[in-house]
Structure formats: structure tokens, C-alpha cells
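Asks: Need a 3D model of the sequence below.
(2 chains)
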2 protein chains.
Amino acid sequence: MKTNRTTVKRIPKRGAYDRETINAILDEAIVCHVGFVVDGQPYVIPTGYARVGEDLYIHGSAASRMLRELAKGVDVCVTVTLLDGLVLARSAFHHSMNYRSVVVLGKAELVTDADEKYAALKALTEHFVPGRWPEVRWPNELELKATSVLKLPITEASAKIRTGPPIDDDEDYAMDVWAGVLPLALTASEPFADPKLETATKLPDYVRKYGKR
Amino acid sequence: MKTNRTTVKRIPKRGAYDRETINAILDEAIVCHVGFVVDGQPYVIPTGYARVGEDLYIHGSAASRMLRELAKGVDVCVTVTLLDGLVLARSAFHHSMNYRSVVVLGKAELVTDADEKYAALKALTEHFVPGRWPEVRWPNELELKATSVLKLPITEASAKIRTGPPIDDDEDYAMDVWAGVLPLALTASEPFADPKLETATKLPDYVRKYGKR
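Replies: A predicted model of the protein is given here:
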């Protein structure tokens, strides 16, 4: 996983390269940022993704400019970031953030195998809302045709993690300034039903309890 | 703000190009993803930022590889994403996310003017934790030297926004499947004090009430 290009150079102790650490971050986040280059200009586009084994899958409209570009096998960088907290130090300089991020480098390829494509679409739905797939109408032929799925092997990747309280300069600890961590997390609030919900359909447990597992 | 490169091609109605919309998104998010190219390879790195007027500022160690690279005046893409909810449709195909994102293209430049650099560092602290700057120890000469600040003018930019309930195919509305939106937001939980907090310093209101303004 660790190559020169994915080695954390600044503050090396924050780097991690084992698959377990990387997978845990990839499985917790929902959105990644995909970087690619067109005519020398980098673009960074947010999109959902799912991990299956040692591969990342992203999907979108077959007409999507990004997906058509990535399908050419260009170099990509997929970055996933979980912001865990704001770190308030006594000095402005030592303010920081707690976070867990993963960077994956490589080349994506279009998934052409029908079974793999179907499995990836299921994995994407289940990654966003675990428990959702069995309930919904599954993709038909037309929808499958209109959807592109891309696969990026997780072979060159690294995680970067900061945790814990602020680290201040020795002489600043005596200051009468509150210091600590303000934890942040992406959390779900009360779901709201589609106004067009025609039936008295009950809110499923996997929605009601989202994120509380 | 709108150029061919920043025009939302897929689902054009989701695109927005006015400064008010773009600024509101930039001011709400905390972390951006910076895309840049080194030897043809795109990199996407998360980092904090602040907006001042019509410019974005990012900062970091003067030794940071990313900052040194960006200071060369290379093409960058800065993307900011707020994930607002998961959109649960009756069909797998029409599942979506509600989000507000901004893409800014351009070239960053190193801030060399001392006053502008200082103002940017203040803006960064106040963007992360409004109310924090007056309380902390401000940067000294050594810290200023160790910190690089980069400016990216917000001239070529676009927002992309999805809101509202799922849009299903007509024939799927009769299905007995719950559909709607599960709202998501980055929220703060109980702050925890630095174990080294030596004084009986009170938790400031701006921390206690964070995000509740």
C-alpha cells in the first residue's frame, strides 16, 4: 500500500498504511472526492462510493463527463475525509483538527461484467443505507445501461489520522484560555417522508436507527 | 464565475453561479479538498480554509509539500462539499444524495504581505471557531515564518445543489416501500477539555453553543 507517492511526509507519525485502518475509514465515510486531470487542469468532484474487498467502486450516469473521463484509464486520486473534531489550543498556531483521511492513487476501469456491475450497485446502496437493498426495486436493463460503474483497486493508498488534545508550547499551558477538543460528526436527524408516499408505509428500522449501530 | 470549465453539464438545473450562493456554502463548510497535479498525477488533499471577500485562503507548514507545490502557481481545483442528506427512492436507480458543493478553479499564490497574511490567519481561526481569535495567543515572528498562507481568487467557480425528496418513476409510487430523505449534518457533541488544562477556565460560550447559532 505504501509507495513514495503515498507516504505521509509532514508529521510521519500520522500516517498509516495497513489495510484494516484504511478499510475502516473507507467504510465509515459516505462521500469521496475524486481528482483527475483534463487538459492539465485538475478537477475534484464529490461522489458516493463503496468498498468491496480490495476495490473501490463509484457509479454515475453513463453520460457523466467525469465517468467517461475516468473510464479512459487516466490517473486518479480518490480521497475520503472524516472530520472528527476541532482542536482548540492556547495559541492560534497550535490549533488543529482531528480527522481520519485516506488517499487512494491508481487508474479506474469501467466494470463491464454484468454480475460484478450488479454487485457493485448493490454494495453502493448498502454502503449508503445498510438494509435498503432488499426493499427497493432493483435496476432493470435500461437503468443498468444508463449507469456506469468504475472500479479502482486499493493498491496504492495511505491513511492520515490525528486524534487527541491540543499540543501547546510549554510556556502557554499557564494561560487562562480554555483548550480542548470540540468533537464533530456527520449525524442523522429526523427522517422526513416523501410527500408522495401513497401508502401508510412504516419507517423502516434501518432508517430510524441510522448511524446508531 | 461561470465558464465552460465550471458549467454544470449533467442536470444543469442543479448548477448555480451567483456569488451569494457560492459564498454561503464556502462559509458553512470547514474543510475543502484541494486538487493539484504533480508529474501528471492528481492529488486531492483535505485542508481547512477561510473566505475573505472574493478570495479563499488556505494555510499550512512552510515545509508542506502541497503548499510549496501550489505556491508555484500551478492549476488547482478547490472543492467544498456539504452532505445534507440521503435520498431514499423506491427504486435503487433513483436513490440520490442532497448536497451543496462548490468547485473553484484557478491558480493560488503565496501571500507575502505581512498584514494580509496575519488577517488570513485570523480569518482561518475565526472560520473554524467564531469568537476564538480574541482569546488565544496570537502568532509570533517564528510561527509566522513557519506558516505559509496561499490565496486563491474566487473568479472561476460554480455551485451544485440538490434538495428535496426523491423523484421516482410513475409506476413505482404505488410500491409499499418507505421513501423520503434522511437529513445529515456535521454536528458538534460535548466538548472535552485538554487534560492539561491547569486552571479552572470556564468553557467559553462560543464553544458550548457551537453550531447552534
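
Asks: Please enumerate the strands of chain A.
Replies: With strands called from DSSP state E, chain A shows them at A:15-16, A:31-38, A:41-48, A:50-52, A:55-61, A:75-88, A:96-107, A:109-110, A:147-153, A:156-162, A:180-188, A:192-193.

Asks: can you put these in CSV and add mean neighbour count and distance to B:Glu54?
Replies: Glycine gets a C-beta too; all of them are placed from N, C-alpha and C. CSV is the format used below for those (neighbours: other CB atoms under 10 Å in any protein chain shown; distance: least, CB to CB, whole Å):
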stretch, mean neighbour count, distance to B:Glu54
strand A:15-16, 18, 36
strand A:31-38, 23, 23
strand A:41-48, 22, 20
strand A:50-52, 20, 38
strand A:55-61, 21, 31
strand A:75-88, 23, 25
strand A:96-107, 21, 25
strand A:109-110, 16, 40
strand A:147-153, 21, 35
strand A:156-162, 21, 31
strand A:180-188, 19, 28
strand A:192-193, 14, 36
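
Asks: Let's see the pLDDT reported for A:Leu105.
Replies: With respect to pLDDT, A:Leu105 scores 98.

Asks: mind putting the strands of chain A in TSV, distance to B:Lys122 included?
Replies: Below are the strands of chain A laid out as TSV (distance: least, CB to CB, whole Å):
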stretch	distance to B:Lys122
strand A:15-16	31
strand A:31-38	27
strand A:41-48	27
strand A:50-52	40
strand A:55-61	38
strand A:75-88	15
strand A:96-107	17
strand A:109-110	46
strand A:147-153	40
strand A:156-162	23
strand A:180-188	19
strand A:192-193	39
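
Asks: quick one, which of those is nearest to B:Lys145?
Replies: B:Lys145 sits nearest to strand A:96-107 of all the strands of chain A, at 18.8 Å, using CB to CB.

Asks: List the pairing partners of the closest one within its sheet, with orientation.
Replies: strand A:75-88 (antiparallel), strand A:156-162 (antiparallel) (DSSP bridges).

Asks: ok now the longest helix seen in chain A, how far from the chain's centre?
Replies: Assignment by DSSP state H gives helix A:114-128 as the longest helix of chain A. Relative to its chain's centre, helix A:114-128 lies at 16 Å (CA atoms, centre = their mean, to the nearest Å).

Asks: Is that helix positioned near chain B?
Replies: Yes - against chain B, helix A:114-128 shows contacts by CB under 8 Å from any CB of the partner chain at A:Leu121, A:Lys122, A:Thr125, A:Phe128.

Asks: Tell me which of the strands of chain A lies nearest to B:Leu105.
Replies: strand A:41-48 (6.7 Å).

Asks: That closest one near chain B anywhere?
Replies: Yes - shown here: strand A:41-48 in contact with chain B (CB under 8 Å from any CB) through A:Gln41, A:Pro42, A:Tyr43, A:Val44, A:Ile45, A:Pro46, A:Gly48.

Asks: who's in contact with that strand?
Replies: Applying CB atoms under 8 Å, 6 or more residues apart in numbering or on different chains, the contact partners of strand A:41-48 are A:30-37, A:58-60, A:66, A:124, A:127-128, B:5, B:33-37, B:42, B:44, B:75-79, B:81, B:97, B:99, B:101, B:103, B:105.
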